[in-house]
Every structure is written in C-alpha cells, then in structure tokens.
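K.L.:
Below: sequence and its predicted model.
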2 protein chains.
Amino acid sequence: MADKKEDRRIQRTRSMLHEALMDLIVEKGYAAITIQDLIDRANIGRSTFYAHFTDKEELLLDNINQLKAFLVEQIDKRTAADRTEAVRFEFSLALLQHVQSHKLMYRATVGKPSGTIVVHHIQQMIAELARDEITDRLPFEGTAFIPRDVVVEFAVNTLVTLVNWWMRGNTHHSAIEVDQMFHQLILSGIKQQREHTLTE
Amino acid sequence: MADKKEDRRIQRTRSMLHEALMDLIVEKGYAAITIQDLIDRANIGRSTFYAHFTDKEELLLDNINQLKAFLVEQIDKRTAADRTEAVRFEFSLALLQHVQSHKLMYRATVGKPSGTIVVHHIQQMIAELARDEITDRLPFEGTAFIPRDVVVEFAVNTLVTLVNWWMRGNTHHSAIEVDQMFHQLILSGIKQQREHTLTE
DNA sequence: TCGATTCCGTACATCGAGTTCAATAACTTT
DNA sequence: AAAGTTATTGAACTCGATGTACGGAATCGA
C-alpha cells in the first residue's frame, strides 16, 4: 500500500473509462464496443485514451484487477471473522455475491459470444484466487488420479457454469443456494443428489 | 440424406474455405484472421466469400456443424457395436479422439484469448449432443437439487476444461485416460480419488 | 505563483469490412 | 454437344475504426 498518490487527472480519466466500459458492456456487449464509444462515453480525448491503454482489452484487464482486489478484501474479511474451522472455497461465495449485485453486466456477458473474452479473463483471475485457496486444503496430491491443476480449473469452470445458468432466467435463487450447488458439484459430482436438500 | 446434389463449384469453394480456416487458426489464431487471409489462402475471389458467408464466424459455425455430424456418426457407430449395457457419455470419448488427431488446432485455440469464441461455439455444439444423451440416462429430475440444465453444462464444461489441460503440455495421456478422468469428475467430483486407478 | 504533467482535438495515414457490377468461367440438363 | 443457368472473378469504392502526431490549453502539485 501507500502508493505515492497519483495525479488526480489520471485517477479521473481511468475511473471515467472504467465506468464507460461497464455501461457499454451492458448496452451493446463487449465485442461491439469501439474506442470511439469509450472516449465519447467517458468524455475524454482520443489521444488521452492511448496514453493510458493500448487496447480496450488492456482497459478490461485493469478493470478485472480492481475486481480481484475487491474480492480478496471480501474473502479476507470473512475468513478473519469466522475462525471456527478450515474454510473451503471462500472465493465462490465472494464472486457469487458480486455477480448478484451486478446482474445486468453479467447477464450481458456470460454465455454470449460477445462476452467470451471477458469471461475468459475473469476465469483466469478467479483461478489465481482458487489456486491459493485449494492448494493446501486438498492434500491428496501424489496418489491422486486427477492432477491438482485440473482440480483448480475444474472448480473454477464449474463456478462459471453455474453463474451462466444463474443469470439466464434463474435469478430467483440466492447466492447462497448457488454456492451450495457449487460445493456439491465439485465435491460429489452429480451422484448422491438426494442427500442434499435445501435446509433454508 | 439425398439432398439434391449441390453445384461442384459450391462444394469446392466451401471446402477450400474450411481448409483455409483450419490452417490459419493453427498459424495465427482465430481472432487475428481476416477475410483477406481466408480468400488468399483459399484462393477465391472476395465477392465469392460474401456470396457464401456473411462473416468469418458464420464460416466457423459451418465448420463446427460438420464436426458435429462427424461426431454423431462416431457415436452411433460405437453404440451400435456395443450393445452390452446402457452406455453413458459417449460424446466425451468421441470428442477426445477428435481432439487427439487435431492437436495443433486445439492447442492454438483452447485456453487462449484468441480462441474463446471458437471454444464457445464448440461447447454449444457439444452441449446439444450431451443433452440428448444425458437427459434420459439420469432419471433424478424432480427431487434433484441440481437442475438438469446445470448437469448438462457442468458435464460439457468439465470436458472442455480437461481438453484445455490436456493440450497444454500433457499430451502424453491417452484419450481414454482423459475420458476416465472426465467420468470420475462429473460423477464423483474431487472426492474419493483413491478408489480410481488406471487399469490400463 | 511556477514549473511540470496531463489532456485536448484536430488532422492524418492505414487497414479491413462489406457492396457493386459487368465480364467470364464452370456447371447441369436435355 | 449445345443451351441455359448459376457461380466466380476482380477491381473499384464507401465506410468506419484504429492508431499516431503535435502544439496549445488546462490542471495539477508544491
């Protein structure tokens, strides 16, 4: 922390661009967004954009890094409060709650061709979170048939799949319910469904 | 069947374009391919391209439909020969074998930003195959906590995840091994790893 | 206030998408 | 094999978006 304060103009420019990106994703989908759209919406000059980012993809990555910082904060907050036991897969609930409060953006992104790149980068980011959390909680490396790398990606992909389904007309489920589905799927697969019911 | 024979010129044009697409995906990745690249490689005129497809994406979809037809054929062949028992998730092995014989293309596609759209469409296609096969083999709808839609997407996504991992430096595994991992993951999740070992 | 940095905005070069059209080539049918 | 149909060609053109350049204006930190 304690990054030397950045010029206010820089902060303003970047934050305007981030907002513009989010808005435009909702309106026309990521793929259709042009640089012109972004600078018009953010109300900044063309050359100013290129002074900060080379791409709209680079802008996106910057945005996703912010999200990552936010998620880490959420996770740390929760694990600090709840010391009862080894906590598992905290990243899932943190993400799901973020998704819930940004329905429109995820709706316009997940599952649609125009949003695949966005999802791809979010997935990468979540995988980083997951790797840290999973690596030392599942101590069956070595004898395992399924390599650890696969476990991480498997879990992340399952989560994204659920978000996909959730945002496509099933928003009446709560983040906690979806989180439960997630844990069942990655731990037990699709078998033994009957043992699990909503305790709500 | 018995579509009235199509003009040979049409067949030729489309097949040249299909080949060009595959080659170029290997060489520069899907996203970077321009129409100009395609028509140069296929050696056809510009206006001819637009007489057949509006997009490179439409060309891609046409390609994937061909792949689907091929996979269905493989699946039918296998299930016809092996009548012993209810066969489950045949689509996975069929796809994995196709992947194995097109390593270069999948390597250049799966897991890379430039290939996300391609993967997305393949995933959609596999989901169609999976839906048919899964729907009547897992009769726990109704009481289940996990909705059927989710099961289908979960399975497909898991398969894609494995392909991703497989193509990234683990090609020494056989299609059958990866297929076994797939079945374990979707059926039992990441628990009970020790019960499963390679029987070769 | 002052010096440094950022932003502006216009202009410009470049590239790729997609359309048009008349001439030509290739195919199918009889 | 001839006739009629259909596909392909290639060049020219419009359009929109990308990315760069640069001098002057605005805003910052101190």
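P.N.:
Here it is on my side, so go on.
K.L.:
what's around residue A:34, how many residues?
P.N.:
Residue A:34 is flanked by 11 other residues according to other C-beta atoms under 10 Å in any protein chain shown. Quick note: C-beta positions are derived from backbone N, CA and C, even for glycine.
K.L.:
how far does stretch A:15-25 sit from the chain's center?
P.N.:
Relative to its parent chain, stretch A:15-25 has a centroid offset of 17 Å by C-alpha atoms, centre = their mean, to the nearest Å.
K.L.:
Mind checking if it is in reach of DNA strand C?
P.N.:
No: with C-beta under 7 Å from any atom of the strand as the criterion, DNA strand C is not reached by stretch A:15-25; the gap is at least 8.6 Å.
K.L.:
what's that stretch in contact with?
P.N.:
A:33, A:37-38, A:41-44, A:49, A:52-53, A:56, A:59-60, A:62-63, A:66, A:105, A:108-109, A:115, A:118 (C-beta atoms under 8 Å, 6 or more residues apart in numbering or on different chains).
K.L.:
Can you tell me which of those residues end up in helices?
P.N.:
Counting by DSSP state H, the part of the contacts of stretch A:15-25 found in helices is A:37-38, A:41-42, A:49, A:52, A:56, A:59-60, A:62-63, A:66, A:105, A:118.
K.L.:
which of the residues you listed count as buried?
P.N.:
The neighbour-count test (16 or more other C-beta atoms under 10 Å in any protein chain shown) marks A:37, A:38, A:41, A:42, A:49, A:56, A:59, A:60, A:63, A:105, A:118 as buried among the ones in helices among the contacts of stretch A:15-25.
K.L.:
mind putting the residues you listed in a markdown table, pLDDT included?
P.N.:
Shown next, in a markdown table, are those (pLDDT from 0 to 100):
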| residue | pLDDT |
| --- | --- |
| A:37 | 97 |
| A:38 | 98 |
| A:41 | 97 |
| A:42 | 97 |
| A:49 | 98 |
| A:56 | 97 |
| A:59 | 98 |
| A:60 | 98 |
| A:63 | 97 |
| A:105 | 97 |
| A:118 | 98 |
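K.L.:
Quickly check those residues for the two that are furthest apart.
P.N.:
Maximum pairwise distance among these (C-beta to C-beta): 21.1 Å, between A:49 and A:105.
K.L.:
What residues does chain A have near DNA strand C?
P.N.:
So chain A meets DNA strand C at A:7, A:9-10, A:12-13, A:43-48, A:51-52 (C-beta under 7 Å from any atom of the strand).
K.L.:
Can you tell me which of the residues you listed comes closest to DNA strand D?
P.N.:
residue A:47 (3.5 Å; C-beta to the nearest atom of the strand).
K.L.:
residues near the closest one, how many?
P.N.:
Using other C-beta under 10 Å, residue A:47 has 8 neighbouring residues.
K.L.:
where along chain A do the helices fall?
P.N.:
Applying DSSP H to chain A gives helices spanning A:8-28, A:35-42, A:46-52, A:56-81, A:90-100, A:103-107, A:116-135, A:148-167, A:175-188.
K.L.:
tell me the most buried of these?
P.N.:
Here the criterion is mean neighbour count by mean count of other C-beta atoms under 10 Å in any protein chain shown, and of the helices of chain A the winner is helix A:148-167, at a mean of 23.
K.L.:
helices and strands around it, which ones?
P.N.:
Here helix A:148-167 touches helix A:90-100, helix A:103-107, helix A:116-135, helix A:175-188, helix B:148-167, helix B:175-188, going by 3 or more C-beta pairs under 8 Å, 6 or more residues apart in numbering or on different chains; DSSP states H and E.
K.L.:
how about the fifth one as CSV, C-alpha atoms only?
P.N.:
Spelled out, it's helix B:148-167. Extracted as CSV, the C-alpha positions of helix B:148-167 are listed here (Å, rounded to 0.1, in the frame of the first residue of the first chain):
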residue,chain,number,x,y,z
ARG,B,148,-30.9,-30.8,-15.3
ASP,B,149,-29.7,-27.9,-17.4
VAL,B,150,-26.9,-27.4,-14.9
VAL,B,151,-25.9,-31.0,-15.2
VAL,B,152,-25.5,-30.8,-18.9
GLU,B,153,-23.5,-27.6,-18.9
PHE,B,154,-21.5,-28.9,-16.0
ALA,B,155,-20.5,-32.0,-17.8
VAL,B,156,-19.6,-30.2,-21.0
ASN,B,157,-17.6,-27.6,-19.2
THR,B,158,-15.7,-30.2,-17.4
LEU,B,159,-14.9,-31.9,-20.6
VAL,B,160,-13.6,-28.7,-22.1
THR,B,161,-11.6,-28.0,-19.0
LEU,B,162,-9.9,-31.3,-19.4
VAL,B,163,-9.2,-30.7,-23.1
ASN,B,164,-7.6,-27.5,-22.1
TRP,B,165,-5.3,-29.1,-19.6
TRP,B,166,-4.6,-32.0,-21.9
MET,B,167,-3.5,-29.8,-24.7
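K.L.:
Among the residues of chain A next to DNA strand C, which has the minimum pLDDT value?
P.N.:
Across those, the bottom pLDDT score, 89, is held by residue A:7.
K.L.:
coming back round to it: report the entries of the buried ones among the ones in helices among the contacts of stretch A:15-25 that also contact DNA strand D.
P.N.:
residue A:56.
K.L.:
Okay, now stretch A:52-61: how far is its last residue from its first?
P.N.:
Stretch A:52-61 has an end-to-end distance of 13 Å (C-alpha to C-alpha, to the nearest Å).
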